[in-house]
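Peer 1: need a 3D model of the following:
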Amino acid sequence: MADRYWIANGTEATANTASNWSTTADGTGSSGVTDNGISFLAPSVITINGLNWDTDLNFMVGQHITITGSASNNGAYTIQTIAGSTLTVTATSIGIEAAGANVTVAGDSMRVDFTVNA
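Peer 2: Below is the predicted model:
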């Protein structure tokens with residue numbers, strides 16, 4: 001098993017939630033992925049075929065991402081939730097787009113929104 005590092009975001013306070021952990025030692029999450037299995041569903045969902053955003057790719061809630069290579073969804077977003085191969089962003093401007101093109105989802109390792117609970 002890979003080493004895991006605590007990176008809990010928002011009001012999460014349980015060690016039993018996978019998205020509270022990262023395999024990236026500095027806790028910044030994924031640096032990105034380029035894949036032709038990435039699709040978009042309005043108003044705020046991004047999916048990837050055959051992979052999990054958190055456990056396979058190390059993306060995390062609160063992480064800022066940049067989309068490039070998309071026909072209509074290029075831009076900067078913030079991850080709101082992750083459920084396996086489904087990633088939901090805080091923006092509601094995502095348009096419907098089928099998988100097929102090589103789309104890049106780049107993680108901004110310097111910008112992660114989170115709060116620390118005392």
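
Peer 1: now do the strands in this protein.
Peer 2: 5-6, 21-22, 32-35, 38-41, 45-48, 63-68, 75-83, 86-89, 103-112 (DSSP state E).

Peer 1: quick one: closest of those strands to residue 57.
Peer 2: Taking Cβ to Cβ as the criterion, strand 32-35 is the member of the strands of the chain that comes nearest to residue 57, at 5.3 Å. Using the backbone N, CA and C atoms, a C-beta is placed for each residue, glycine as well.

Peer 1: strand partners of that closest one, parallel vs antiparallel please.
Peer 2: Here strand 32-35 is paired, per DSSP bridges, with strand 103-112 (antiparallel).

Peer 1: what sits against residue 46?
Peer 2: The neighbours of residue 46, taking Cβ atoms under 8 Å, 6 or more residues apart in numbering as the test, are 38, 39, 40, 67, 73, 86, 87, 88, 89, 94, 105.

Peer 1: pull out the buried members of those.
Peer 2: 38, 39, 40, 67, 73, 87, 88, 89, 94, 105 (16 or more other Cβ atoms under 10 Å).

Peer 1: which single one of those is nearest to residue 81?
Peer 2: The closest of these, once distances to residue 81 are taken by Cβ to Cβ, is residue 88, at 4.5 Å.

Peer 1: report the separation between the closest one and residue 102.
Peer 2: Separation of residue 88 from residue 102 (Cβ to Cβ, to the nearest Å) stands at 22 Å.
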